[in-house]
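Engineer: My questions are about this predicted structure, shown below with the sequence.
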Amino acid sequence: MTTILSCRDLVVEYPTADGPLRAVDRVSLDVERGQTLALVGESGCGKSTLARAIMGLASVKSGSIKLEGEELTGLSQRELRKYRPAIQMVFQNPYGSLNPRLSVGRIIEEPMMVQNIGTQAERRKRVLDLLDRVGLTSEAAGQYPHQFSGGQRQRIAIARALALNPKLIVCDEPVSALDVSVQAQVLNLLVELQRDLGVSYLFISHDLAVVRHIAHATAVMYLGRIAARSNSRDFWKSPAHPYVRALKDATPSMAAIRDGTPGQPILEGEIPSALNPPAGCRFSTRCRYVVDVCRQTEPHLRQVTDQSWVACHRVSVGANGAAVLPESELIAD
Ligand SMILES: Nc1ncnc2c1ncn2[C@@H]1O[C@H](COP(=O)(O)OP(=O)(O)OP(=O)(O)O)[C@@H](O)[C@H]1O
Ligand code: SF4
Ligand SMILES: [Mg+2]
């Protein structure tokens, strides 16, 4: 497998009136060629900040971001230009991310114009090819974003992202604003494009149900840190980390979503502030398995099975080789 993107010990901070807010704290992850790495976690855990850092839009305090082995951190904006076509982004809001004053054809053509690619006739032809690839007709080129539904707008955003033949598309909650039925169509399109073009995705979502069927590997973030990651599609069958388990319990099944059955209550307890994270394990204030050591020592990611890594003191490997948590949950204080 070839690694397209690799982050190592990445730290991103925002200056705030109360001091630096560390939104991404020593995060390491890899995206393989032609595969999808899902990045999952609750609101505010640092997903979009990580995406912005990869796009060169947030300044990196320390650590490394490599695209096919080339270091991107520390490059000037001018030097970054060379790599820009290789990494594209699709945003959550298909309403805000398309310029309402430009025709759809022009929106999709724009990245090629900026990069001085092809003649105008060649670019126009490419626009029609791209529209066809994302399931829109050629008439769409002359129309404007407001004439399209949310799902169609996201198709336009995907066509624009594909225009420069990127190696990686960072998708930041690309279907969260869409109806459930439309979500599945856009997800299917992304999977189809990956199969045909070999593009890699870093797919960000707060919703496990969304990533479950498209991710080859999954990383779960909590308060700026990676709590667990797995290279297996079976990750969700045996979620050994207490946070992953809680997230999964709070996620309705696809069938329940279709039937409109509500899921379990979401995770209890407030997410602590990233300005002042808990000592030891960051999840300790909400964890049903917490013991004293959790509040004192930060658990580091360690490999527990062939395919999975968890940052938790209490996960062990069971007799069948699977990662397990103790039978008894709460240890009384
Ligand atoms: N420009 C900023 N200045 C200061 N703090 C910020 C800024 N942008 C984000 N943050 C903080 O950084 C942390 C991570 O935010 P981020 O937007 O990366 O989270 P997220 O996982 O993408 O959340 P969501 O699911 O809501 O999109 C949060 O505590 C947030 O309040
Ligand atoms: S280290 Fe402790 S507090 Fe953290 S997830 Fe594991 S059991 Fe829970
Ligand atoms: Mg976000």
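Structural biologist: Here it is on my side, so go on. Ligands and ions are numbered 1, 2, ... in the order given.
Engineer: what stretches of the chain score poorly on pLDDT?
Structural biologist: 252-266, 328-333 (pLDDT under 70).
Engineer: Close to ligand 2: what parts of it are there?
Structural biologist: 242-243, 281, 283-284, 287, 289-290, 294, 299, 312-314 (C-beta under 6 Å from any ligand atom). The way it works is simple: take the backbone N, C-alpha and C, and place the C-beta from them, glycine included.
Engineer: one more time with 8 Å, if that's ok
Structural biologist: By C-beta under 8 Å from any ligand atom, the residues of the chain that approach ligand 2 are 227, 241-243, 280-284, 287-291, 293-295, 299, 311-315, 325.
Engineer: Filter those down to the buried ones.
Structural biologist: 227, 241-243, 280-284, 287, 289-291, 294, 299, 311-315, 325 (16 or more other C-beta atoms under 10 Å).
Engineer: Would you mark the buried spots in the longest helix along the chain?
Structural biologist: Looking across the chain with DSSP state H, the single longest helix is helix 180-197. Going by neighbour count (16+ other C-beta under 10 Å), the buried part of helix 180-197 is 182, 183, 184, 185, 186, 187, 189, 190, 193, 194.
Engineer: Following element in sequence after that helix, please.
Structural biologist: Tracing the chain C-terminally past helix 180-197 and defining elements by DSSP states H and E, one meets strand 200-205 next.
Engineer: what ranges do the strands span in the stretch 151-300 of the chain?
Structural biologist: Here the stretch 151-300 of the chain has its strands, by DSSP state E, counting those that start in this stretch, at 168-172, 200-205, 217-222, 225-230.
Engineer: Return the most buried member of the ones you listed.
Structural biologist: strand 225-230 (a mean of 26; mean count of other C-beta atoms under 10 Å).
Engineer: by contact count, what packs against that one?
Structural biologist: Under the contact definition 3 or more C-beta pairs under 8 Å, 6 or more residues apart in numbering; DSSP states H and E, strand 225-230 sits against strand 19-32, strand 217-222, helix 242-249, strand 308-310.
Engineer: Could you list the paired strands of the longest one along with their orientation?
Structural biologist: Think strand 19-32. Here strand 19-32 has these sheet partners by DSSP bridges: strand 3-16 (antiparallel).
Engineer: burial of residue 119, as a residue count?
Structural biologist: 8 (other C-beta atoms under 10 Å).
Engineer: Same question for residue 73.
Structural biologist: Using other C-beta under 10 Å, residue 73 has 17 other residues around it.
Engineer: List the contacts of it.
Structural biologist: 60, 63, 64, 65 (C-beta atoms under 8 Å, 6 or more residues apart in numbering).
Engineer: Contact partners for the most centrally placed residue in the chain?
Structural biologist: Residue closest to the average C-alpha location in the chain (C-alpha atoms, centre = their mean): residue 204, at 2.0 Å. Going by C-beta under 8 Å, 6+ apart, residue 204 touches 38, 39, 40, 47, 48, 50, 51, 170, 171, 172, 173.
Engineer: So the last one sits against residue 202, correct?
Structural biologist: Think residue 173. No: the criterion here is C-beta atoms under 8 Å, and residue 173 misses it with residue 202 at 11.9 Å.
Engineer: The closest residue to residue 215 other than its chain neighbours - how many residues pack around it?
Structural biologist: Closest residue to residue 215 apart from its sequence neighbours, by C-beta to C-beta, 6 or more residues apart in numbering: residue 38 at 3.6 Å. Other residues lying near residue 38 total 24 when counted by other C-beta under 10 Å.
Engineer: pretty sure residue 38 is touching residue 213, no?
Structural biologist: No: using C-beta under 8 Å, residue 38 is not in contact with residue 213; the gap is 10.2 Å.
Engineer: who are the neighbours in contact with residue 284?
Structural biologist: Residue 284 makes contacts with 278, 290, 294, 295, as judged by C-beta under 8 Å, 6+ apart.
Engineer: What distance do you get for it to residue 72?
Structural biologist: For residue 284, the distance to residue 72 (C-beta to C-beta, to the nearest Å) stands at 34 Å.
Engineer: likewise residue 319?
Structural biologist: 44 Å.
Engineer: Of those two, give the one with the bigger neighbour count.
Structural biologist: residue 72 (21 against 6).
Engineer: Any idea what the closest residue to the more buried one other than its chain neighbours is bridged to?
Structural biologist: The spatially closest residue to residue 72, leaving aside those adjacent along the chain, is residue 65, at 4.6 Å (C-beta to C-beta, 6+ apart). Beta-bridge partners recorded for residue 65 (DSSP bridges): residue 7.
Engineer: Would you agree residue 65 is in contact with residue 7?
Structural biologist: Yes: Residue 65 is within contact range of residue 7, at 5.3 Å (criterion: C-beta under 8 Å).
Engineer: Cool, thanks, talk later.
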